Structures are given as structure tokens and as C-alpha cells.
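Chemist: Okay, predicted coordinates and the sequence, questions at the end:
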Amino acid sequence: MSDVELTPVREAHKFDTQALEQYLLAHVEGFRGPMEIKQFEGGQSNPTFQLITPNQRYVLRKQPPGELLPSAHQVDREYRVMHGLWTTDVPVPKMFCLCEDPEVIGTKFYVMEMVEGRLFTETRIPSVSNEDRRAIYLDLARVMALLHAVDPAAVGLETFGRPGNYYERQIGRWSKQYLASQTEDLPNMHKLMEWLPNNIPAEAGSVIVHGDYRLGNVLIHPTEPKIVAVLDWELSTLGDGLADLGYLCQDYHGDAYDDEGLAGADFAALNLPTEAEFLAEYCKHAGRDGIENWHFYLIYNMFRSAGIIQGVYKRGLDGNASSAKALEYVDAARLRSARGWALVEESENN
């Protein structure tokens, strides 16, 4: 898919549009109505809307309705990190306002510019040329390295993460999130929860980590194979940049959530970089010689992804998911955790 899908606002996500318009008139310079609102399909966490006005289009991101898991759906963090990165080489939309008062439309929200670009959700990008397909993937590696090179203190984000070991915090967080949204017993998740804390590599510094960096969370230039905006920063924090790298490279080792992923792809025929080539491209831009304990970063991300997608599925069962597709992920956490544990067994047998 290369076109962003817009739908009428779903019943569960409707809010007071007049209250929103009055707020934007007071807080966004140059804003004027009348305003038409449509909802973006896709995106499983924070509902996202296009605001269409006579002179500009905006994007609004808000928390979902209903009871929320602890530390989830922090749209204020998304706003803060993109606002900070606006002055860097990392491509992000311009931020216009953050509203933390739930009295306006029922939840926290922020408004940003609408960036024109192409959104690709099929991992192998079948709709572009072989030349552009490779260029897009190599640009994913380049922009990720750009992000990890930003000095958090230089953009006001030195307090964006908590002290202590990043992986210990993350493993603890996603273990709790998984258990809070568990719908069936997944033995591989429990084995991963035990294995991961005992196999954490040495701390590797503290950079801005996106947390959900993948093809489906970037906009590609309308005609050129380059990234014009990195989106969906809800899971961003300070930590080890290799966590982002392992997250994206999961697709080389198992099915993506929505399609076939990169495992088993004919890389030569598709002109896609292999995992080794992608890692080399990242290391080139990041000034690294290589990566030790690579299997850990993949296993950690298989576990983390299983925890995230389990939360999405549970919200679907509860009726407050951001997308109608949430219920399609009934087997996703089981498959992802099984692949994670298989990687543990592979690493211990090598």
C-alpha cells in the first residue's frame, strides 16, 4: 500500500469537534475553520486524524478512549521528542500544539503538520522499482543512524529516559504489559522473560531510541526513494540504539505482523539488502566497526514485539483499539514469542 487510508471517524473515537476547533483557534497560529475530520486507518495505538481546513491540513494524535495500561499511549512524549528533533537532520513533522487537558476532547492530544509522502506497509514494497526498493531500505539505515547520533542534551531531551540499565527497564516494562493484557498462556513468553534478564550485554550508552522504527512508520518522498518524516514516536526513550536496529531486523527472521516479512525473500531478485548488508549500512553511517551479541537484540525485540501486539489484540477484544484490524492479531504474540525462543535455542546451539 502506498496511499494513506482515510475513513470516517469511528464511533468509539468520536469527540467534541466544536471544542477542538475552539481550542485550535486559540492555540495554533493561523488556524481557521471550518474543519472536516477524517480518521487514518492503521496504527494500533493512538488514534490519528486528519484535520482539513480551507488553508491547511493538520494531523491530530490522541490517546484512545477507555482504561489505559500504565505508561502506555503517552502522546505528550511523542510531541516532546518530535519538537526536540525538529532542529536536527532527523526528518520529523512540525509540531503545533500539545493539549494535556482531557476536558477539551476527552483525552490528551497534539496537532502537527501534515507531511506529504508515501506510506508503504508491505515489507517487500512490490509497487516500486528494484532500484527504489533498495534505496528506501538503505535510507532506513541512514536515518536510524542519524537519530542515534543526536545528542539528547542538545535538543532538550537529556531527561527523556529513566536512569538504570535500559534493557532491564524495558524487559520489566514489557513483561508487566504482557501480563496485564494476557488472554491465553504462552509458555515461550515466560521462558523469554526468564532468559532475557540473564543475558543482557554491557551497557552501550544512551541515545534517542525510536522504539517502533520500521518501514510502516516513515513517510517516503512523493517521487524520490528517501524518507521525509519519521512518525509514531510513542515508544521513544533514551537507551541503546541497537534496540531499534534489532527491532527493524526482526523481519529478516519471521513474519511481519501484516504480511510475509523478509524471511525467505529472494533478495537478489527484489534488489533488497540482506540483513548483513543492512547492518553494514547502519554501521557505516553510525561509525561502528560491527555488532557483538547480535542475537540478543533480535531475541529481545521478538519478546518486546509479542508484548506490544498482545496489548493491541487485548484492546481489540475490549473494543477500544485504534484500528478495526486489532482482532486479526489473535495468533501474533504466540508466533512472535515462539520465533524468539527458537532464536535462543539457535544461539545456544552455535
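Modeler: On my side now, so go ahead. Everything numeric in this text was worked out from a predicted model, so none of it was measured.

Chemist: what about the residue nearest to E346 when sequence neighbours are not counted, which helix or strand?
Modeler: Distances taken as C-beta to C-beta, 6 or more residues apart in numbering put H295 closest to E346, at 7.5 Å, once the chain neighbours are dropped. Where C-beta positions appear, they are placed from N, C-alpha and C, glycine not excepted. If you go by DSSP states H and E, H295 is part of helix 294-318.

Chemist: and after that helix, which helix or strand comes next?
Modeler: Next element after helix 294-318 (DSSP H and E): helix 332-349.

Chemist: Hey, what's the angle from that next one to helix 294-318? Just curious.
Modeler: Orientation check (axes from the mean of the first three to the mean of the last three C-alpha atoms, to 10 degrees): helix 332-349 against helix 294-318 gives 170 degrees.

Chemist: Please give the number of neighbouring residues around the closest residue to E184 other than its chain neighbours.
Modeler: The shortest distance from E184 to any non-neighbouring residue, by C-beta to C-beta, 6+ apart, is to R334 (7.8 Å). Neighbour count of R334, defined by other C-beta atoms under 10 Å: 18.

Chemist: what about the residue positioned nearest the centre of the chain, which helix or strand?
Modeler: Nearest to the mean C-alpha position of the chain, by C-alpha atoms, centre = their mean, lies D212 at 2.6 Å. D212 belongs to no helix or strand when assigned by DSSP H and E.

Chemist: Then V81?
Modeler: Using DSSP H and E, V81 maps to helix 75-85.

Chemist: shaky segments in the stretch 201-350 of the chain?
Modeler: 255-258, 321-327, 329-330 (pLDDT under 70).

Chemist: which residues in the protein form strands?
Modeler: Remark: strands assigned in the chain by DSSP state E are 6-7, 36-40, 48-52, 57-62, 95-99, 109-113, 207-209, 218-220, 227-230, 237-239.

Chemist: Buried ones in the fourth one, by neighbour count?
Modeler: Spelled out, that is strand 57-62. For strand 57-62, the neighbour count (16 or more other C-beta atoms under 10 Å) marks 58-62 as buried.

Chemist: what do you get for the third one?
Modeler: Going by neighbour count (16+ other C-beta under 10 Å), the buried part of strand 48-52 is 48-51.

Chemist: which ones are touching the residue nearest to E346?
Modeler: When contacts are counted by C-beta atoms under 8 Å, 6 or more residues apart in numbering, H295 touches 343, 346-347.

Chemist: same check, this time on L146
Modeler: 88-90, 285.

Chemist: Dump those into a markdown table; add distance to T121 as well.
Modeler: Formatted as a markdown table, the contacts of L146 follow (distance: C-beta to C-beta, whole Å):
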| residue | distance to T121 |
| --- | --- |
| T88 | 26 |
| D89 | 26 |
| V90 | 22 |
| H285 | 25 |
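
Chemist: what's the closest of the residues you listed to A141?
Modeler: H285 (6.5 Å; C-beta to C-beta).

Chemist: Pretty sure that closest one sits against A141.
Modeler: Yes - assessed by C-beta atoms under 8 Å, H285 is found in contact with A141 at 6.5 Å.

Chemist: follow-up on the earlier one: just checking, what packs against the helix holding V81?
Modeler: With contacts taken as 3 or more C-beta pairs under 8 Å, 6 or more residues apart in numbering; DSSP states H and E, helix 75-85 sits against strand 57-62, strand 95-99, strand 109-113.

Chemist: List just the one of those strands that sits closest to F267.
Modeler: Among these, strand 57-62 comes nearest to F267, with 34.4 Å by C-beta to C-beta.

Chemist: by contact count, what packs against the closest one?
Modeler: Contacts defined by 3+ C-beta pairs under 8 Å, 6+ apart place strand 57-62 against strand 48-52, helix 75-85, strand 109-113.

Chemist: Identify each buried residue in the last one, please.
Modeler: So that's strand 109-113. Neighbour counts over strand 109-113 (16+ other C-beta under 10 Å) mark 109-112 as buried.

Chemist: Adding pLDDT and distance to T274, write those out as JSON lines.
Modeler: Below are these laid out as JSON lines (pLDDT from 0 to 100; distance: C-beta to C-beta, whole Å):
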{"residue": "F109", "pLDDT": "94", "distance to T274": "41"}
{"residue": "Y110", "pLDDT": "96", "distance to T274": "38"}
{"residue": "V111", "pLDDT": "97", "distance to T274": "40"}
{"residue": "M112", "pLDDT": "97", "distance to T274": "35"}
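
Chemist: Can you tell me which of these comes closest to R80?
Modeler: Taking C-beta to C-beta as the measure, Y110 is the one of the buried residues of strand 109-113 closest to R80, at 9.4 Å.
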